[in-house]
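Asker: no FASTA, just this:
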């Protein structure tokens, strides 16, 4: 039997909110149909529906004994006995601004046998999805506003419990704790994913640990810039609890812990690009959002002295660096893409189901994921720069809602290289204002150049060779000749670097930023809404 959403798998009459309805399970949707409605559209109150991949969990339910403090018709989860004929279905509910919540649908069947059949059918469908059953969760109690443990316990743990996910919780005690655990734990491969509760710095630590572990086990020399890294099987999930949460914003669209937890619970998967940052013959770090030299690097160094201020330290340090208006001389070489569709001046946005990223992923599967040796044209730019920003995703956050580069894609095999030349404070303030508000394009300014590239290398006019200098004294010792790199919120003190983009190297528990109405997008809004959004 063919119907909206595919073949009908199972259907029956059930009681829902005091009304008899027809509950119908198809290959892609679960429908609630009110009897007597003859319309065959999913756009009115007669139909409720949810995609089967957005069903969080189904459980048997039982009527609880009447109690003065309870409503007489209340239910709770429990074993399905002979007299039981009810089950609950927890589904994703959208509440606006790309935020998700858990909504419970309670169904009462005509018999316990019918209830068992529904539970069996629904659990069969859920078992067909690649959902996590066992996770390790790293919680950073020191990041952002220091609320990570509370966020996990109150907002995330209940969702994981509802979805039947076993978790091993690790409260990190120091910088590098998660990295060491990931690279040394022999049982990590038995898990289905790694979750971090923290900010972009915590995520960067887990990303580097997982990729380093994978290269070691695969026999790949990650210090060799010409090598092609192997992507890990484990996915990474991010519960936002940091100051900017740029990676979550760029892959989910909102820094809401409950929404991120639900993406993890239903097993969403999003492949994203990773840049490998080398210096001479060794790997310095992996990066997947922002790699910035000059203004953002200096601001990050200064902000480390003011951690007691919390997230406000970034505004304070950014203002201090703006007043100094310091520029750095150097030469940057970059390899532009041969694909003319990969440009910064288009009006598309990377959204869920992005065809640009899909095409890049298909091409990457056919050949090497390392794009640094691609055919293309190397270009050279010399001069004094206030900032050199390389963004592998839009890097949008609460302070920059559209991001540093609004048209950047998370999985196109490229990074957007933005060069801000030496200019006056007034001009740079205009650039920062446009970046924050997008009242006009921050890239369409005379002192700004932007390129979509697959690889680049930077050489400062004065090389700082001592990598053992402490961060607190490093900036002073450079005598204003070189800056540092801000790599996903972590500091790289080596100024001379060589960067390669590796297409869709890792996967996150996400699905991309969902399309909102009246927003330019790279897929038809109608298709997205009809396939993904419940009424």
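Answerer: Yep, it's here. Keep in mind it's a predicted model, so treat the numbers as computed, not measured. Residues are numbered from 1 along each chain as shown.
Asker: where in the stretch 351-500 of the chain is pLDDT low?
Answerer: Per-residue confidence for the stretch 351-500 of the chain (pLDDT under 70) gives these ranges: 368-375, 462-480.
Asker: all helices for it, in order.
Answerer: With DSSP state H, counting those that start in this stretch, the ranges of helices along the stretch 351-500 of the chain come out as 355-366, 425-437, 471-477.
Asker: tell me how far the second one lies from the chain's centre.
Answerer: Okay, so that is helix 425-437. Centre-to-centre, helix 425-437 and its host chain are 27 Å apart (C-alpha atoms, centre = their mean, to the nearest Å).
Asker: tell me which residues in that helix are buried?
Answerer: 427-428, 430-432, 434-435 (16 or more other C-beta atoms under 10 Å). From N, CA and C alone the C-beta is placed, and that goes for glycine too.
Asker: swap in the first one?
Answerer: By neighbour count, with 16+ other C-beta under 10 Å as the criterion, the buried positions of helix 355-366 are 356-361, 364.
Asker: same thing with stretch 293-305?
Answerer: In stretch 293-305, counting by 16+ other C-beta under 10 Å, buried: 293-303.
Asker: just to revisit the earlier point, can you list the helices of the stretch 351-500 of the chain in a markdown table and add distance to residue 325?
Answerer: Below are these laid out as a markdown table (distance: least, C-beta to C-beta, whole Å):
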| stretch | distance to residue 325 |
| --- | --- |
| helix 355-366 | 36 |
| helix 425-437 | 5 |
| helix 471-477 | 15 |
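Asker: and residue 180, which of those helices is closest to it?
Answerer: helix 471-477 (20.0 Å; C-beta to C-beta).
Asker: can you list the low-confidence ranges for the protein?
Answerer: If you take pLDDT under 70 as the line, the chain has these spans: 1-5, 36-46, 62-84, 307-308, 310-311, 339-343, 345-346, 368-375, 462-480, 516-535.
Asker: which stretches in it count as helices?
Answerer: 112-127, 148-151, 157-162, 177-184, 200-218, 246-251, 257-265, 295-303, 312-324, 355-366, 425-437, 471-477, 525-532 (DSSP state H).
Asker: quickly compare the ones you listed and say which is most buried.
Answerer: Ranked by mean neighbour count, the helices of the chain are led by helix 246-251 with a mean of 28 (mean count of other C-beta atoms under 10 Å).
Asker: which residues are contacting that one?
Answerer: 200, 203, 238, 240, 254-255, 260, 270, 272, 288-290, 393-398, 403, 410, 488, 508, 510, 512-513 (C-beta atoms under 8 Å, 6 or more residues apart in numbering).
Asker: follow-up on the earlier one: from the buried residues of stretch 293-305, which is closest to residue 329?
Answerer: Distances from residue 329 to those, taken by C-beta to C-beta, are shortest for residue 294, at 10.8 Å.
Asker: against residue 207, how distant is the closest residue in space to the closest one that isn't next to it in sequence?
Answerer: Spatially, and ignoring its direct neighbours in sequence, residue 294 is nearest to residue 387 (4.1 Å; C-beta to C-beta, 6 or more residues apart in numbering). Using C-beta to C-beta, to the nearest Å, residue 387 is found at 24 Å from residue 207.
Asker: report the buried residues of the longest strand seen in the chain.
Answerer: Ordering each strand of the chain by length in residues (DSSP state E) puts strand 377-391 first. For strand 377-391, a neighbour-count test (16+ other C-beta under 10 Å) marks 381, 385-391 as buried.
Asker: re earlier: tabulate the buried residues of helix 355-366 (JSON lines), appending distance to residue 127.
Answerer: Converted to JSON lines, the buried residues of helix 355-366 look like this (distance: C-beta to C-beta, whole Å):
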{"residue": "356", "distance to residue 127": "33"}
{"residue": "357", "distance to residue 127": "28"}
{"residue": "358", "distance to residue 127": "26"}
{"residue": "359", "distance to residue 127": "31"}
{"residue": "360", "distance to residue 127": "31"}
{"residue": "361", "distance to residue 127": "26"}
{"residue": "364", "distance to residue 127": "30"}
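Asker: pick the one among the residues you listed closest to residue 25.
Answerer: For the buried residues of helix 355-366, the nearest to residue 25 is residue 358 (28.5 Å; C-beta to C-beta).
Asker: alright, I will stop here.
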